[in-house]
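**Q** Sharing a sequence plus its predicted fold:
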Amino acid sequence: MAKVKYGAMVTDARGSIDGVVYSRSQYGAYVRVKVSPSQPQTPYQLNVRQTLASLAQAWGSVLTPEQRADWNVFSAAHPITDVFGNSQILSGIACYCRVNAVIIAAGGARIDDAPPTFAVDPLTTLTITMSAAAQSVSMAFGATPLAAGTKLYIWATPKLLPGRDFYKPLLRFIGCSAAAQATPFVATTLWTTRFPAAFILGDRVAFIVAVVDPATGAVTVGLSQVVTAVA
C-alpha cells in the first residue's frame, strides 16, 4: 500500500482502475492492489440477494406506472451522499430497492407507494460497554426512549486485529432493537449471533448505531464507536 498526494488536476479518487484501488483513511489518501474477495454463500449473503431480487421483480410486475413515477420523484427529492460527499440521485428502481431493503432488514413490510415523509430523529448520545466477564454488550443512548415505531439500527465488526483502525469493510448489519426502545439496549445476542466468538479483556469491536423507521425505511446518520472490552 502506498500513500499519495493529489495535485491541481486531481484532488481525490475512489474505487478501482485496472486492479488498483484508490481510497482514503485517517492518515491520508492511499492506493493498493485490488484483491477480489471470495463469494461465500453464507445465509446472510443469500438472504440479501434474495431480498434484492424479489424487490427488483416487484418493481416490474407489481408496481403500477404511477407508483414507479412516484418513486422517481421521491428519489429526486431524497438524494444520497456518495464516497466523495457529493449528492447523487438514484434511479427510481434503485431507490425503491434501497428503501425496502432497509424496511425488511428492520422487520417491516415492503411498501410499494413512496413514503409521504422520510425523517426520523437521530441519536444524540451513544456509549457502548463490552464486559468480558459477563460477555455482554450494552448500549446506553439518548434521547430515550426512541420515538414510537422507530428502532436502533446496528452495524458491527467482528473482533478487530490489534492495531487495526480501518474497520469499514468489516462492518456487518447485526439487527435492530425493539420499537420505542429505552436505554440501555443489551445487544449481546445480536453480536454473538452474527459473530459467534467470545471476547476477552482488551478485545476491540467497532459499532455504528443509527435509528430506523421500519414503516418508511428512513435511517439517520449513525454514531460510530470502537469499543474495548473491559473486565
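**A** Perfect, I can see it now. From a predicted model like this one, the values you see are computed outputs, not experimental measurements.

**Q** Only C-alpha atoms from now on, for both contacts and neighbour counts.
**A** Will do.

**Q** List the buried residues for the strand ranked longest in the chain?
**A** Longest strand in the chain, counting residues (DSSP state E): strand 204-213. Residues of strand 204-213 classed as buried: 204-213 (neighbour count, 16 or more other C-alpha atoms under 10 Å).

**Q** same check, this time on stretch 114-125
**A** The neighbour-count check on stretch 114-125 (16+ other C-alpha under 10 Å) flags 114, 120-123 as buried.

**Q** How far does that stretch sit from its chain's centre?
**A** Centroid separation for stretch 114-125 versus its chain: 15 Å, with C-alpha atoms, centre = their mean, to the nearest Å.

**Q** do stretch 69-86 as well
**A** For stretch 69-86, the distance to the chain centre is 17 Å (C-alpha atoms, centre = their mean).

**Q** Show me the domain layout of this structure.
**A** The chain resolves into domains spanning 2-33, 43-105, 125-228 when parsed by automatic domain parsing.

**Q** can you put these in CSV and add mean pLDDT?
**A** Below are those laid out as CSV (pLDDT from 0 to 100):
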stretch, mean pLDDT
domain 2-33, 61
domain 43-105, 93
domain 125-228, 96
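
**Q** Most tightly packed of these?
**A** Of these, the one with the most neighbours on average (mean count of other C-alpha atoms under 10 Å) is domain 125-228, at a mean of 18.

**Q** Now the terminal residues of that one, how far apart.
**A** Start-to-end span of domain 125-228 (C-alpha to C-alpha, to the nearest Å) is 18 Å.

**Q** which phi and psi does the closest residue to Phe207 other than its chain neighbours have?
**A** Distances taken as C-alpha to C-alpha, 6 or more residues apart in numbering place Ala156 nearest to Phe207, at 4.3 Å, with adjacent residues excluded. Dihedral angles of Ala156 (phi, psi; degrees, to the nearest 10) stand at phi -150, psi 170.

**Q** right, and Ala156 touches Ile174 too?
**A** Yes: with contacts counted by C-alpha atoms under 8 Å, Ala156 reaches Ile174, the gap being 6.6 Å.

**Q** shared neighbours of those two, anything?
**A** Trp191 (C-alpha atoms under 8 Å, 6 or more residues apart in numbering).

**Q** Run the chain-centre distance for stretch 220-229.
**A** Mean-position distance between stretch 220-229 and its chain equals 12 Å (C-alpha atoms, centre = their mean).

**Q** Please export the C-alpha coordinates of the longest strand of the chain as CSV.
**A** Provided in CSV are the C-alpha atoms of strand 204-213 (Å, rounded to 0.1, in the frame of the first residue of the first chain):
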residue,chain,number,x,y,z
ARG,A,204,-11.9,-4.3,20.3
VAL,A,205,-15.1,-4.1,18.3
ALA,A,206,-16.4,-1.3,16.1
PHE,A,207,-20.1,-0.3,16.1
ILE,A,208,-22.3,2.1,14.1
VAL,A,209,-25.7,2.7,15.6
ALA,A,210,-28.5,4.6,13.8
VAL,A,211,-32.2,5.0,14.2
VAL,A,212,-34.6,3.5,11.6
ASP,A,213,-38.3,3.8,10.9
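
**Q** how close does Ala119 sit to His78?
**A** Counting by C-alpha to C-alpha - Ala119 and His78 are separated by 11 Å.

**Q** Also Gly108?
**A** Counting by C-alpha to C-alpha, the gap from Gly108 to His78 is 20 Å.
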